[in-house]
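S.K.: have a look; sequence and predicted model below, questions after that.
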Amino acid sequence: MNNLLSKSFAQHRSSSGDIEMGGDVGANLDKFFEDVEKIKEDLKEIEELQRKLRAAHEESKTVHKVGVVKALRSRMDQDVNQTLKKAKHIKNCLQALDKSNEESRSLPDCGPGSSTDRTRTSVVGGLGKQLKDKMEEFQELRSKINQEYKETVERRYFTVTGENPDEKTVDLLISSGESETFLQKAIQQQGRGQILDTIAEIQERHDAVKDIERSLMELHQIFLDIAVLVQHQGGLIDDIEANVDRANSFVQRGTTQLQEARKKQKNTRKWTCFAIILLLIIILVIVLSIRPWSR
């Protein structure tokens, strides 16, 4: 939708030029659509980072060596931090565009409800909606990572002890990451060295999940900020559409009245012609009855 709006409006600008819109308006829109394209590129990068993060998470479910888990943790940390930076940057850009939209409404032919204002508002609202959707997907990924981390801890605990952990034990393992405390029985039976790698793996996974959790919580705050912006843009669009509907109603009413006036005018002309013809017939009858030429 945003692509269609951008392309169609760009074509309009190139065809109508400064004659219709004025130099300031044209330059203003050029800058606006340049910023829009940059935001679209950033959104694509966020989408790619999310894909990489999902792939790394899926890979983490199949590895158990501490070194591999640590390498995956490093990759996921980098991807999440990069996503966080991009999301903050996009949020700031959208807020700047929202502010520029307000300033644009003071320009000639760009006031509230104008075609320029409708386009700018719709484009910014659409971009905000895209970022909001991406943030929602990250929240879903966050929930998935937490749930599957819990399942991994349960499996590793069973592998080491041969027992299924109760809910309290799993929660304590997840919250503290101190696996050694809860695996004392296995240490005593199998020896410390045999399960050291498992303890280190659980600890590494715990640290990784906690780091990702912190970053995704920051993303959640950005999601909330963007939700407010999207709601604001939606309200503006609703107001514009309401004004357009009212204007359309006035236009339709005026068109109906004009059609009725034309119909009345046509009827008036028809009756006027009929009256003139009737008057001519009466005059002709009178003249024929008097026959002034026969005297």
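M.R.: It's in. Residues are numbered from 1 along each chain as shown.
S.K.: ok, residues contacting stretch 200-216?
M.R.: Applying Cβ atoms under 8 Å, 6 or more residues apart in numbering, the contact partners of stretch 200-216 are 60, 64-66, 69-70, 72-73, 76-77, 80-81, 83-84, 138-139, 141-142, 145-146, 149, 152-153, 156, 173-174, 176-179. Placement of C-beta: from N, CA and C, glycine included.
S.K.: grab the nearest non-local neighbour of residue 104.
M.R.: Distance criterion Cβ to Cβ, 6 or more residues apart in numbering; nearest residue to residue 104, sequence neighbours excluded, is residue 110 at 5.1 Å.
S.K.: OK, contacts around that neighbour?
M.R.: Per Cβ under 8 Å, 6+ apart, neighbours of residue 110: 25, 28, 104, 116-117.
S.K.: of these - the most surrounded one?
M.R.: Ranked by neighbour count (other Cβ atoms under 10 Å), the contacts of residue 110 have residue 116 at the top, with 23 neighbours.
S.K.: for the residue nearest to it when sequence neighbours are not counted, grab phi and psi.
M.R.: Nearest residue to residue 116 in three dimensions, chain neighbours excluded: residue 110, at 4.5 Å (Cβ to Cβ, 6+ apart). With angles defined as degrees, to the nearest 10, residue 110 sits at phi -120, psi 20.
S.K.: mind checking pLDDT for residue 57?
M.R.: Looking at residue 57, its pLDDT is 83.
S.K.: how about the contacts made by it?
M.R.: Residue 57 neighbours (Cβ under 8 Å, 6+ apart): 76, 141, 144-145, 148.
S.K.: let's have those residues in JSON lines, adding neighbour count, secondary structure and pLDDT.
M.R.: Converted to JSON lines, the contacts of residue 57 look like this (neighbours: other Cβ atoms under 10 Å; DSSP: H, G, I helix; E, B strand; the rest coil; pLDDT from 0 to 100):
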{"residue": "76", "neighbour count": "23", "secondary structure": "helix", "pLDDT": "85"}
{"residue": "141", "neighbour count": "18", "secondary structure": "helix", "pLDDT": "84"}
{"residue": "144", "neighbour count": "12", "secondary structure": "helix", "pLDDT": "84"}
{"residue": "145", "neighbour count": "20", "secondary structure": "helix", "pLDDT": "81"}
{"residue": "148", "neighbour count": "15", "secondary structure": "helix", "pLDDT": "80"}
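S.K.: report the secondary structure state of residue 227.
M.R.: What DSSP: H, G, I helix; E, B strand; the rest coil gives for residue 227 is helix.
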